[in-house]
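Q: take a look and give me a structure for this.
(chains A and B)
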Amino acid sequence: MRSRDGNQSFLLRYCSLVTFLFLSYSSVLLADEYLISYRYVVKDAIVYNQSLQISPAMQKCQGSVGKSLLLDPSKKENLRDILSLNNEIFINYLHSLGLLVQHSEKTTNMQNHSLTIITMPTQCFKVDFNDTFVKISTLKQLLPH
Amino acid sequence: MKYSLVLLSFLTLSAFAQNSKQDATLQTKQSKSSVSTHKCPAIQDNILKKDEKMLISVIGQGVAPSNTASPAQAYALAKRAAIADAYRLIAEKVKGVRIDGQDLIKNMMVKRSTVRTSVAAMIKNANIVETTFKEGLCEVEMEINLSYSDIVR
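A: Predicted coordinates for the structure are as follows:
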């Protein structure tokens, strides 16, 4: 059904353009920031478990860009896949950012048991996707004066 | 005669009191000097001054689990455990260790003896210097350069 003024196609084109621009802008704002946390447990000098949590940020992160890392995407588009491909490099990068160490040891009748928990608290990362490389940078939150 | 005896006894008492005072002052002097000699030079050396840097080096050890899929996985896991151990050693050196002990004694015999130690710290900018892997044991040598501003921050 045609509209009375005959401008339907023009309006439709205009609306779709606005929607497309809004979606692309919002994806640039939100999808390139990820919240990442890392934790591993060492029990009696043996690695017990390890977890790397990755989630797209639902709110825009505040702060300035800190230390960066370049990774080879190998034609992958999902950050999870890229990080699993470059797991060792990324874990070394997380180590350089600083980790929380919690260690407890119990010695009962000369028998020793130890538990060490290494944690990187949830931190916001800015991720720039390119064809040949992926740049991951920390977003340092500025402390209030 | 009586007065002279009273005077003599007063004089001897005052002399005795003076002696005891001198002894007391001597004792305090001695105690002061002992305090000054008890100052350990090694402890003074470990205090980080404003314009100085301190290098802490540790060797962490980790073991590969018995049920690994490949030697590469065993190496990776042992190295990760060794890194955690090295971090723990740095934390212990910088922050110190909390130690709790408990002994249970029944009928004049030690039934159970327990020692618990714990440490928690945030470690940043630690560098791995060397890694060795031999017979399932991985050793990681780690260094950290401390400055006064790092600790104050």
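Q: what sits against the closest residue to A:Lys43 other than its chain neighbours?
A: Leaving aside its sequence neighbours, A:Lys43 sits nearest to A:Leu115 (CB to CB, 6 or more residues apart in numbering or on different chains; 5.5 Å). (Glycine included, C-beta is placed from N, CA and C.) Taking CB atoms under 8 Å, 6 or more residues apart in numbering or on different chains, we find A:Leu115 in contact with A:41-43, A:103-105.
Q: who are the contact partners of B:Val110?
A: Counting by CB under 8 Å, 6+ apart, B:Val110 has contacts B:103-104.
Q: does A:Leu83 belong to a helix, a strand or coil?
A: helix (DSSP: H, G, I helix; E, B strand; the rest coil).
Q: measure it to chain B for me?
A: Distance of A:Leu83 to chain B, given as CB to the nearest CB, to the nearest Å: 16 Å.
Q: I'd say that residue and A:Gln53 touch.
A: No - contact criterion CB atoms under 8 Å: A:Leu83 and A:Gln53 do not qualify, at 11.1 Å.
Q: who's more crowded, the two?
A: Comparing A:Leu83 with A:Gln53 by other CB atoms under 10 Å in any protein chain shown, the one with more neighbours is A:Leu83, at 21 against 11.
Q: what's the closest non-adjacent residue to that one?
A: A:Phe90 (5.2 Å).
Q: mind checking what helix or strand follows the one helix or strand that neighbour maps to in sequence?
A: Assigned by DSSP states H and E, A:Phe90 belongs to helix A:87-97. Remark: after helix A:87-97, the chain's next helix or strand is strand A:99-108, criterion DSSP H and E.
Q: list the buried residues for that following strand?
A: Within strand A:99-108, the residues that count as buried by 16 or more other CB atoms under 10 Å in any protein chain shown are A:99-103, A:105.
Q: show me what contacts A:Ile82?
A: A:Ile82 touches A:71, A:73-74, A:76, A:134, counting by CB under 8 Å, 6+ apart.
Q: same question for B:Ile144.
A: Going by CB under 8 Å, 6+ apart, B:Ile144 touches B:55-56, B:90, B:123, B:125-127.
Q: quick one: it is in a strand?
A: Yes - B:Ile144 forms part of a strand when assessed by three-state DSSP.
Q: ok so, going back, check which residues of the helix holding A:Phe90 are buried.
A: Buried residues in helix A:87-97, counted by 16+ other CB under 10 Å: A:90-91, A:93-95, A:97.
Q: packing partners for it?
A: strand A:64-71, strand A:111-129, strand A:134-140 (3 or more CB pairs under 8 Å, 6 or more residues apart in numbering or on different chains; DSSP states H and E).
Q: quickly compare the ones you listed and say which is most buried.
A: Stretch with highest mean neighbour count among the helices and strands packed on helix A:87-97: strand A:134-140 (a mean of 18; mean count of other CB atoms under 10 Å in any protein chain shown).
Q: burial measure for whichever residue of chain B sits closest to chain A, as a count.
A: Taking CB to the nearest CB, chain A has its nearest neighbour within chain B at B:Lys124, 3.4 Å off. Burial of B:Lys124 is recorded as 13 neighbouring residues (other CB under 10 Å).
Q: name the nearest residue to B:Ala126, sequence neighbours excluded.
A: Nearest non-adjacent residue to B:Ala126, counting by CB to CB, 6+ apart: B:Ile144, 4.5 Å away.
Q: beta partners of the residue lying closest to B:Asn125 once chain neighbours are set aside?
A: Leaving aside its sequence neighbours, B:Asn125 sits nearest to B:Ile144 (CB to CB, 6+ apart; 6.6 Å). Beta-bridge pairing for B:Ile144 (DSSP bridges): B:Ile56.
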